[in-house]
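Visitor: have a look at this prediction, sequence included:
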Amino acid sequence: MKIPEIKLIPASESDEGREAIGYKWNAEAGKRHKLGGNPDWVQSNETPYCSDCHGAMTFYGQLDSIGDNYDLADCGMIYIFVCFDCFTTRSILQSG
């Protein structure tokens with residue numbers, strides 16, 4: 001199963017949150033959040049198989065680093081996968 005791509009746009013209702021979003025020296029990082037579609041792998045493809053039923057897992061979404069003060073492994077991303085047969089989840093962190 002493939003979920004259609006849905007872009008997520010970071011927004012905050014507080015001044016502190018708005019100041020945390022974005023990078024001084026990287027225009028792309030911090031804007032790659034999304035649900036569905038295909039993973040935008042920072043490194044190589046690491047699509048997992050379910051640890052319970054051993055079936056291929058579905059890419060559910062990715063969360064980008066937030067900004068300079070909340071960076072994940074040098075502008076990295078977290079990828080989330082789900083098995084729609086048994087609802088097992090798995091996340092993968094890749095560094096930029």
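Guide: Received, thanks.
Visitor: can we go C-alpha only for contacts and neighbour counts from here?
Guide: Noted.
Visitor: where do the strands sit along this protein?
Guide: For the chain, the strands identified by DSSP state E occupy 6-7, 34-35, 58-64, 77-82, 89-94, in order along the chain.
Visitor: where does this structure have low pLDDT?
Guide: When the per-residue scores of the chain are filtered using pLDDT under 70, no range remains.
Visitor: tell me how far the most centrally placed residue in it lies from residue 11.
Guide: Taking C-alpha atoms, centre = their mean, the centroid of the chain lies closest to residue 62, which sits 1.7 Å from it. Taken as C-alpha to C-alpha, to the nearest Å, the spacing of residue 62 relative to residue 11 amounts to 16 Å.
Visitor: returning to what we had before: next, the contact list for the residue nearest to the centre of the chain, please.
Guide: Applying C-alpha atoms under 8 Å, 6 or more residues apart in numbering to residue 62 gives the contacts 32, 33, 34, 35, 39, 77, 78, 79, 80.
Visitor: nearest to residue 16, of these?
Guide: Comparing these against residue 16 with C-alpha to C-alpha picks out residue 33 as the nearest, at 19.7 Å.
Visitor: return the residues in contact with that closest one.
Guide: 7, 8, 9, 10, 61, 62, 63, 64.
Visitor: let's see 10 Å
Guide: With contacts taken as C-alpha atoms under 10 Å, 6 or more residues apart in numbering, residue 33 has the following neighbours: 6-10, 40, 61-66, 77-79.
Visitor: just give me the neighbour total for the nearest residue to residue 80 once chain neighbours are set aside.
Guide: Nearest non-adjacent residue to residue 80, counting by C-alpha to C-alpha, 6 or more residues apart in numbering: residue 91, 4.5 Å away. Applying other C-alpha atoms under 10 Å, we find 15 other residues in the vicinity of residue 91.
Visitor: now residue 44
Guide: 8.
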